[in-house]
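[1] Sequence and computational prediction follow.
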Amino acid sequence: MTKKTRFLIGFLLIALAYTIPLAIAILMQEIWILLLILVGFFGSVYLLYHVTLKGKPKYPIVPPTGKPDIYTGLAIPRPIYEDMEQNPWFFKKKSKKQKWIERTKTKKVKKKH
């Protein structure tokens with residue numbers, strides 16, 4: 001089953017699950033309940049989209065083996081997973097305070113005489 005068909009089947013199931021509560025909220029003329037049901041519906045569809053269609057990155061986790069040909073060029077791109085495992089410190093986010101400290105260390109201090 002392809003990703004699109006899984007998404008469409010999931011969308012139909014979500015739509016069927018929300019039809020009865022939506023009809024009841026419309027008949028009762030309760031605006032707040034109607035808004036909550038609509039937010040739940042769109043949230044469910046958004047979650048379904050991320051689970052089915054968004055997916056994982058498509059580049060390979062393991063670099064291709066063999067000699068490079070005319071299509072890949074001289075440099076075969078490596079995946080970032082391997083670099084993240086070997087050098088985790090390089091991929092950590094620096095806080096603003098750390099950047100400020102590094103900036104002040106590199107500046108020369110002027111001495112007053």
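    Noted; the coordinates are in hand.
[2] which residues of this structure score low on pLDDT?
    Residues of the chain meeting the criterion pLDDT under 70: 55-84, 88-96, 106-113.
[3] make it 90
    Along the chain, the parts satisfying pLDDT under 90 run over 1-4, 22, 26, 29-30, 50-113.
[4] can you map out the helices along it?
    Taking DSSP state H, the helices of the chain run over residues 3-28, 31-49, 80-86, 96-106.
[5] Now tabulate these in a markdown table and tack on mean neighbour count.
    Any C-beta I mention is one placed from the backbone N, CA and C, and that applies to glycine too. Formatted as a markdown table, the helices of the chain follow (neighbours: other Cβ atoms under 10 Å):
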| stretch | mean neighbour count |
| --- | --- |
| helix 3-28 | 13 |
| helix 31-49 | 13 |
| helix 80-86 | 11 |
| helix 96-106 | 9 |
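[6] Tell me the spacing between the nearest residue to residue 48 once chain neighbours are set aside and residue 22.
    Ranked by Cβ to Cβ, 6 or more residues apart in numbering and with sequence neighbours excluded, the top spatial neighbour of residue 48 is residue 10, at 4.6 Å. Taken as Cβ to Cβ, to the nearest Å, the spacing of residue 10 relative to residue 22 amounts to 18 Å.
[7] Repeat that for residue 37.
    To residue 22, residue 37 is 5 Å away according to Cβ to Cβ.
[8] go on, residue 7?
    Distance of residue 7 to residue 22, given as Cβ to Cβ: 21 Å.
[9] Perfect, I'm done here.
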